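A.B. asks: Could you work out the structure for the sequence below:
(chains A and B)
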Amino acid sequence: MANNDKNQQRQKKKWLIDPDFRVDRDPDRCIDCRVCERQCANDVHEYDEDGECMRSDGSSCVGCQRCATLCPTEAISIKEAERDYRPHGNWTQSVLQNVHKQAETGGVLLSGMGNDEEHPVYWDRLLLNASQVTNPSIDPLREPMELTTYLGRKPDRIEVEEVDGEPRLKTEVAPQLKLDTPVMFSAMSYGSISYNASLGLARAAQEKGTFANCGEGGLHEDFREYGDNVIVQVASGRFGVDKEYLDAGAAVEIKIGQGAKPGIGGHLPGEKVDEAISQTRMIPEGTDALSPAPHHDIYSIEDLRQLIYALKETTRYEKPVGVKISAVHNVAPIASGCVRAGADFVAIDGYRGGTGAAPTMIRNNVGIPIEFALASVDSRLREEGVRNQASVVAAGGFRCSADVVKAIALGADAVYIGTAALVAMGCHLCQKCYTGKCNWGIATQDPYLTRRLNPEIATRRLKNLLRGWSLEIKEMLGGMGVNAVESLRGNREHLRGINLSSRELDILGIKAAGE
Amino acid sequence: MNNRKNNPLKPNYPDEKEMSGCAISGIMSEAGNCFSGREIIDSIANMHERSNGLGGGFAAYGIYPERSEHYALHLMCADEQARKAAARVLERRCVVHDDEPIPIRPMDSITDRPLLHRFFVDVTEKEMEKNYELDEEDVMVQIVMEINTEVEDAYVFSSGKNMGIFKGVGYPEDIGRFYRLDEYDAHIWTAHGRFPTNTTGWWGGAHPFGLLDWSVVHNGEISSYGINRRYLENFDYHCTLRTDTEVVCYLFDLLLRKHGLPAEVACQAMAPPFWSEIERMPERKQKLARAVRQVYGGALLNGPFSVVVGHSNGIIAFNDRMKLRPMTAARKGDMLYVASEEAAIRVVCPAPDELWYAKGGVPIVGKLKGKEHGEQRQKSTATEKEMAH
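C.D. replies: All right, here's what the predicted structure looks like:
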């Protein structure tokens, strides 16, 4: 692009849309090494040949911090741009920005990652219990502490027969997924994230005895060796779905909804569909991969049942088949319907769940918090006497091990983490996944960018994250005086609420602190 | 609602589970010989320091040989009105063969006692027709639950056949004398002395807890109570007594009576081996142990406990899987002794043939000769009769 055109475009952009970030460069520290220029896919930094110095243009900066992190002399700092609008509680700067953007483009506002609004995080309003005097706390460094979790349909009871004076199991238990720790990697498709990121997730899952969900983009041939630790997804676009794909995974998940964008489909732009992705997804190279909003063979619950059983038949009833739904207002009866339709596990994705791309308005306004959704689903399934028939997996914005422990106490068998896993691999939450210009090499297919993510390092960091969280979960369990995760599961006696209305306490099924 | 301090039928704090330390003891004759309550009183009295005078109780099996075919319901009622209300429920759903006040001996140390009354009943034919999908015992459970949840100030604390629970607020040895247990003969006795940190002065809070012919005496705190309770709700057991011991009792009823599991397997569900141990088991054992943990995760009793569970044909004594509470056992001839402390056994059996300390999670099972709990349930009447002598 000729320099003039570029300048003109920048001036046009600057017309009403303010930059989100300001780039501060300390000229005394800058050595003009041009690392920042090479690292930035958004063309923020540029070497000025005439002035023999680096120049930066904050208007296209997304705040991913890649340049600041890699600058060898710490010359760069990226700060939120200060604006001098008159403060207004309703017409905040981000609201004004959005109006300006849409006035200029006439388009739909897009976002990546999860809801960034300052809604209450209910995990922070739940507090955990610990033992004192009347029962001993348990030290996980010295005593066994069990996190092993089995996901799948359980019978209500087992039958035992006596053979040669010893009891023998008569009941055939349905297929189960064995998790060494109750944390799995949430669905992230190859396409939305890079090959190396997908590889890191699959490897870490295998090495830590848990599962990575491959998302709706098929399973690359290279990842099939990790199949025993992969949950393969069947979504409305059916990308990459054939018998070999279903057989390759340890379990199948039908994706009905996603917490970040309940009720709408997905769109992977054609630019991202290179040869490998086209083969994995089984679509022509360069074409847009469009996932319809609904599955066009599921217009009601009886149709879901047919798909569940079609998948079970295909996989010879050897694998659990689950259903992922987003947390919407009537999530409890929907989950109950899924269980009755034959789902072996139900994954519920709360409104803080991440995404590669979603309309901002949908992301920030549709769906409900996972805390409430999970509590009401667990209670409903118990009331209906079907809780044993399916496992419940919670997803949507899990940030730390304490969130996981609280979710298990509310009733989850396990949780899915997506954003936390991406952050472990280097994501700085700039929320621009949909641009395909991820400077950290995660949410991009640009070979120049993807090779920045070393899959070995990604694997190691993900394993470290799981290890750290698992150790913390064990400490918290021990403090509560239990040594097996099943004694925490659904055990709301170990939770107390603060800053919650009595209605909210009722829905969560917990008592207030001090009660 | 705050003025609960002196009501023996209401806990004075709304805590969901009890927190207490305790003494437990059990004595049985596996040959089925009956003996008076003196021994068990002496045994539990020897652990006086383990209780604090806020609860004691006993379960005795084989005490009503003449009325062994009927359910013996022991009730505590706040007053005559409550007793009548409970009696109305029983008259509606049962044939009442006999009823009388439970005999007591006045004791200075036992005060604030509720009205104690027993009924000998059978479920009516009509009631059985109405609940054709249930067996008689399920209907009896329903009736007990109806009185305990619907009738104000009346509470059934014993509901088995040819057995009875006797409990109240006081030191256990005083409670034993108060109920004149030295005048009863039984082939199984269990006892409990309580050291609660809450629900003081509540007669209902004393142990044993019973349902049908199950009785549970329990030392410990169950940290998994919250999920055990919710798990039992799936199977229509509703915990009303604000104590974790109640869940032990219902779990035994569920696992042994309803699911028909052998005692060892039921205990494995409640105090399972660690996964690492399961991985090392031979295949057949491993398959069973894994399924038990997968399916009965909600029945795992986690936290420190030792319990003695009594039923018509024996006792099951067991500890949490890490053995965080004490339990000693001994045998002499056909007699089996289990107690929190060795001293409580030695005081009534100074020279046992063998004496050992229970392992975590491994049940000590005392069986009446030739009887298994599972077998006996199906053909209840005949067996009960036989068993009563």
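A.B. asks: Pop the domain breakdown of chain A in here.
C.D. replies: Domain assignment for chain A, taken from automatic domain parsing, gives A:3-110, A:149-479.
A.B. asks: got a list of what the residue of the stretch 101-250 of chain B found nearest chain A touches?
C.D. replies: Closest approach of the stretch 101-250 of chain B to chain A (C-beta to the nearest C-beta) occurs at B:G226, with a separation of 3.0 Å. Where C-beta positions appear, they are placed from N, C-alpha and C, glycine not excepted. B:G226 sits next to A:G490, A:N491, A:R492, A:E493, A:H494, B:E16 when contact means C-beta atoms under 8 Å, 6 or more residues apart in numbering or on different chains.
A.B. asks: What of A:W123?
C.D. replies: With C-beta under 8 Å, 6+ apart, A:W123 has these contacts: A:E371, A:R399, A:A402, A:D403, A:K406, A:A407.
A.B. asks: before we move on, could you check phi and psi at the nearest residue in space to the second one that is not next to it in sequence?
C.D. replies: For A:R399, ignoring the flanking residues on the chain, the nearest one in space by C-beta to C-beta, 6 or more residues apart in numbering or on different chains is A:A420 at 6.2 Å. Backbone dihedrals for A:A420, given as degrees, to the nearest 10, come out at phi -60, psi -40.
A.B. asks: Okay, A:A420 and A:C438: tell me how far apart.
C.D. replies: According to C-beta to C-beta, to the nearest Å, A:A420 stands 17 Å off from A:C438.
A.B. asks: who has more neighbours, the two?
C.D. replies: When neighbours are counted by other C-beta atoms under 10 Å in any protein chain shown, A:A420 and A:C438 differ, and A:C438 comes out ahead with 32 against 23.
A.B. asks: confidence score at the more buried one?
C.D. replies: A:C438 is assigned 97 on the pLDDT scale.
A.B. asks: Then A:S278?
C.D. replies: 94.
A.B. asks: now swap in A:D5 and tell me
C.D. replies: Reported pLDDT for A:D5: 56.
A.B. asks: What of B:L9?
C.D. replies: Confidence for B:L9, expressed as pLDDT, is 67.
A.B. asks: could you list every residue that touches B:S159?
C.D. replies: B:Y71, B:A72, B:L73, B:H74, B:M140, B:V141, B:V144, B:G210, B:L211, B:L212.
A.B. asks: try it again with 10 Å
C.D. replies: Contact analysis of B:S159 by C-beta atoms under 10 Å, 6 or more residues apart in numbering or on different chains lists B:71-75, B:119, B:121, B:137, B:140-141, B:143-144, B:147-148, B:165, B:210-214.
A.B. asks: Take those residues and keep only those in strands.
C.D. replies: Counted as lying in strands by DSSP state E, out of the contacts of B:S159, are B:Y71, B:A72, B:L73, B:H74, B:L75, B:F119, B:V121, B:I165, B:G210, B:L211, B:W214.
A.B. asks: Apart from its chain neighbours, what residue comes closest to the third one?
C.D. replies: When the adjacent residues along the chain are set aside, B:L73 lies closest to B:F119, with 4.5 Å between them (C-beta to C-beta, 6+ apart).
A.B. asks: mind listing the helices for chain B?
C.D. replies: B:38-45, B:80-93, B:125-130, B:136-150, B:172-178, B:225-233, B:244-252, B:263-270, B:275-279, B:283-295, B:342-346, B:373-378, B:380-387 (DSSP state H).
A.B. asks: Quick one: mean pLDDT over the longest one.
C.D. replies: This points to helix B:136-150. If you average the pLDDT values across helix B:136-150, you get 92.
A.B. asks: how about the strands of the stretch 301-450 of chain A, start to end?
C.D. replies: A:321-326, A:345-349, A:358-359, A:391-395, A:414-417 (DSSP state E, counting those that start in this stretch).
A.B. asks: Least confident of those, on average?
C.D. replies: Ranked by mean pLDDT, the strands of the stretch 301-450 of chain A end with strand A:358-359 at the bottom, a mean of 94.
A.B. asks: now that one, how far from the centre of its chain.
C.D. replies: Mean C-alpha position of strand A:358-359 versus that of the full chain (C-alpha atoms, centre = their mean, to the nearest Å) differs by 15 Å.
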